[in-house]
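>>> structure for the following, please:
(chains A, B, C and D)
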Number of protein chains: 2
Amino acid sequence: MATARTTDGSGAPVPQRLLATATRLFAEQGYDRTSVQEIVEAAGVTKGALYHYFGSKEDLLHEVYARMLRLQQERLDAFAGADEPVEVRLRAAAADVVVTTIANLDDAAIFFRSMHHLSPEKHKQVRAERRRYHERFRALIEEGQQSGVFSSATPADLVVDYHFGSVHHLSTWYRPDGPLSARQVADHLADLLMRALRP
Amino acid sequence: MATARTTDGSGAPVPQRLLATATRLFAEQGYDRTSVQEIVEAAGVTKGALYHYFGSKEDLLHEVYARMLRLQQERLDAFAGADEPVEVRLRAAAADVVVTTIANLDDAAIFFRSMHHLSPEKHKQVRAERRRYHERFRALIEEGQQSGVFSSATPADLVVDYHFGSVHHLSTWYRPDGPLSARQVADHLADLLMRALRP
DNA sequence: CTTGGCATACCGACCGGTTAGTCTGTGGGC
DNA sequence: GCCCACAGACTAACCGGTCGGTATGCCAAG
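Numbers count the residues shown, from 1 in each chain, chains lettered A, B, ... in the order given. Modelled structure (predicted):
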């Protein structure tokens, strides 16, 4: 057995446990309202352990962003690059980002709310990666507009912001124990987007 | 002249100046990263003045919410109650909330980002007022769906969240010095909503 | 098999700095 | 002479981060 078996609560390795605990607490209370002491207590370790694995409290936050950005970019690339008509690819990508966001609601809640807690360099880096994502999505819409399957009445940039506004908003209102499953919400939101883009 | 004329920078009365300064700083740096000392210095007074007019730092934040909620509710009531076909009323209300949000971008940036800094009672109160607003808006959509001018494919609740997601998102990407005026953005976003609702 | 040495993983008391809020003081208009 | 509107020094609490210390496992030498 590789990992030490001490008197901890859960069996997961310490770094992962710290990150998971921090993510939950950041989402529940916000970054500033969550003290390092609180995180280590909830994870069943002490500050020494945290600063052994992470350079700072901010590193913990940055990890949340890195994880989220990597995941979403990978999925978008997969959907956008598929061998399908553009309207199928866009719909799939638009619905998938909703499902993925709901599956990681804590990350989503943190994402926009805590961006300004990142140091200037990390903030810039996150914004740059975010922009790449945005542009990949926009390219899909422009492709459809140029080929005539989507209306060109609205600039593609605005359409992207329209859709991602609603995705971002999910963490405010969506509740897993509510009447709609993630899949149902995703289908509805993707439908709204596709209907808004009808020529 | 009623208001005292001391050596302050701007001529506005002290309470308003404090609130305006706090709003700007909260939007720029976040609630927690803004110290009371910073606010009073930027407003050209001292802590004594702030605590003379406001009970706590949180009261300042609550004022931002109260102002925003009052303004939006008033305007929605006016538009929704007009003597026009439902599609005209909805479009006007949907566009107006965009214009008003852009006119008060700082308030909007604070609104969703800092909600969890409110005490439980105030948080609850804000959520309740917010829900009233949401329901008024939803009623408009349901009215159109029942009379057949809007598609019923998507539950009205979801449509409201879809639209307000994009409104909420404005503070993230909209820049007053960008290529689009508030009116143009409002028209585009209202168009997207109306097109998504076409039967 | 045992022993010594070293690295990794973690502990927890401690520190400098910051914060929201308090309280006593004061000056000028009525 | 009184009181409203503020001034500004002060405090008690808390926070992120540090650092010397300890326990445990591994590997190589004897």
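>>> surely residue A:189 and residue A:96 touch.
No - between residue A:189 and residue A:96 there is no contact under CB atoms under 8 Å: 11.0 Å. Placement of C-beta: from N, CA and C, glycine included.
>>> the two: which is more packed in?
It is residue A:189, of residue A:189 and residue A:96, that has more neighbours when counted by other CB atoms under 10 Å in any protein chain shown, with 24 against 17.
>>> what does the helix or strand where the more buried one lies contact?
Element membership for residue A:189, per DSSP states H and E: helix A:182-197. Residues outside helix A:182-197 that contact it (CB atoms under 8 Å, 6 or more residues apart in numbering or on different chains): A:87, A:90-91, A:94-96, A:98-99, A:102-103, A:141, A:144, A:150-151, A:154, A:159, A:162-163, A:166-167, A:170, A:174, A:176, A:180, B:151, B:153-155, B:158-159, B:162, B:192-193, B:195-198.
>>> what's the PyMOL syntax to select whichever of those are buried?
Typed into PyMOL, the next command selects the buried ones out of those (criterion: 16 or more other CB atoms under 10 Å in any protein chain shown):
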select buried, (chain A and resi 87+90+91+94+95+96+98+99+102+141+144+150+151+154+159+162+163+166+167+170+174+180) or (chain B and resi 151+154+155+158+159+162+192+193+195+196+197)
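>>> please save the CA atoms from stretch A:183-199 in CSV.
Provided in CSV are the C-alpha atoms of stretch A:183-199 (Å, rounded to 0.1, in the frame of the first residue of the first chain):
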residue,chain,number,x,y,z
ARG,A,183,-29.4,16.7,-19.7
GLN,A,184,-32.8,18.3,-19.8
VAL,A,185,-31.5,21.8,-19.0
ALA,A,186,-28.7,21.3,-21.6
ASP,A,187,-31.2,20.4,-24.3
HIS,A,188,-33.4,23.3,-23.5
LEU,A,189,-30.6,25.8,-23.5
ALA,A,190,-29.1,24.4,-26.7
ASP,A,191,-32.5,24.6,-28.2
LEU,A,192,-32.9,28.2,-27.3
LEU,A,193,-29.5,29.0,-28.9
MET,A,194,-30.3,27.1,-32.1
ARG,A,195,-33.7,28.7,-32.3
ALA,A,196,-32.2,32.2,-31.9
LEU,A,197,-29.8,31.4,-34.7
ARG,A,198,-32.5,30.1,-37.2
PRO,A,199,-32.3,32.2,-40.3
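>>> pLDDT averaged over that stretch - what is it?
Across stretch A:183-199, pLDDT averages out at 96.
>>> what of stretch A:75-95?
Mean pLDDT, stretch A:75-95: 96.
>>> stretch A:112-129 now?
Averaged over stretch A:112-129, pLDDT sits at 93.
>>> say whether chain B is contacted by it.
Yes - on the criterion CB under 8 Å from any CB of the partner chain, stretch A:112-129 is in touch with chain B at A:112-113, A:116-117.
>>> and the residues you listed, which are buried?
Neighbour counting by 16+ other CB under 10 Å classes A:112-113, A:117 among these as buried.
>>> now, which of the residues you listed sits nearest DNA strand C?
Among those, residue A:117 lies closest to DNA strand C (CB to the nearest atom of the strand), at 13.8 Å.
>>> how near is that closest one to residue B:63?
Noted for residue A:117: a distance of 24 Å to residue B:63, by CB to CB, to the nearest Å.
>>> number of residues surrounding the closest residue to DNA strand C within chain A?
Nearest residue of chain A to DNA strand C: residue A:48, at 1.7 Å (CB to the nearest atom of the strand). Neighbour count for residue A:48, taken as other CB under 10 Å: 8.
>>> for it, pull up the helix or strand it's in.
Assigned by DSSP H and E, residue A:48 belongs to helix A:47-53.
>>> buried ones in the following helix or strand past that helix?
Per DSSP H and E, helix A:47-53 leads on to helix A:57-80 as the next helix or strand towards the C-terminus. By neighbour count on 16+ other CB under 10 Å, the buried set for helix A:57-80 is A:57, A:59-65, A:68-69, A:72, A:75-76, A:79-80.
>>> I am finished for the moment; much appreciated.
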